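Enquirer: Sequence first, then the predicted structure:
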Amino acid sequence: MPRLIKCRRCGHLTQQGSTCTCAQQPPPPRSSTTARGYDSWWKTYSERFRRQHPYCVACLARGIYSTACLVDHTIPFHRGDGSIDEFLRRDPANHQSLCDHSYHDCHGLLKKPLETRFRDNPQRLKIGWERLLEQLRQEQRAGCRQDAQRQTTNARPGP
């Protein structure tokens, strides 16, 4: 008997291995960037923010100096009903620089899956993002320690 699983998009039960009907439908057209809250103020502000914070925070946590190409909201400012939370949109403490390059893509590969997972709970999204950054920092530190150990081992004179 086929196993039923819940669709991540719509919540309908589908057979495992088959595609839900919601995935077969084209996505609804997106509204303009201005309607989504990215107006002339945002364009000016994001350029200034990227000049002040030129590197991607997720890449920096890994020890990589990658130029940021977008300003991301740690907690999304869009509410579920389509309205905009102006405080979250303009709060500098809610902003971070991220890269969106084809070779790193911290926004698409790291941040977006968390946003999808914690869509209904912004505080858990923020906690999850901070944990991910800390994990990246720890992995980078562990790699640096291993490199230092290798260098000292190779530098020892032989008998």
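Expert: Received it, and whenever you're ready, just let me know what you need.
Enquirer: mind listing the strands for this protein?
Expert: 4-6, 13-15, 70-73, 95-98 (DSSP state E).
Enquirer: Which helix or strand in the protein has the lowest average pLDDT?
Expert: helix 21-24 (a mean of 71; mean pLDDT, DSSP states H and E).
Enquirer: So which elements touch that one?
Expert: For helix 21-24, there is no helix or strand it packs on, judged by 3 or more Cβ pairs under 8 Å, 6 or more residues apart in numbering; DSSP states H and E. (C-beta placed from N, C-alpha, C; glycine too.)
Enquirer: about what we covered before: name the stretch among the strands of the chain that sits most buried.
Expert: Among the strands of the chain, the stretch with the highest mean neighbour count (mean count of other Cβ atoms under 10 Å) is strand 95-98, at a mean of 22.
Enquirer: what's the following helix or strand after that strand?
Expert: As assigned by DSSP states H and E, the chain's next helix or strand after strand 95-98 is helix 106.
Enquirer: what's near enough to touch the spatially most central residue of the chain?
Expert: The centroid of the chain falls nearest to Lys111 when counting by Cα atoms, centre = their mean (1.5 Å). Listed by Cβ atoms under 8 Å, 6 or more residues apart in numbering, the contact set of Lys111 reads 58, 72, 98, 129.
Enquirer: Many thanks, have a good one.
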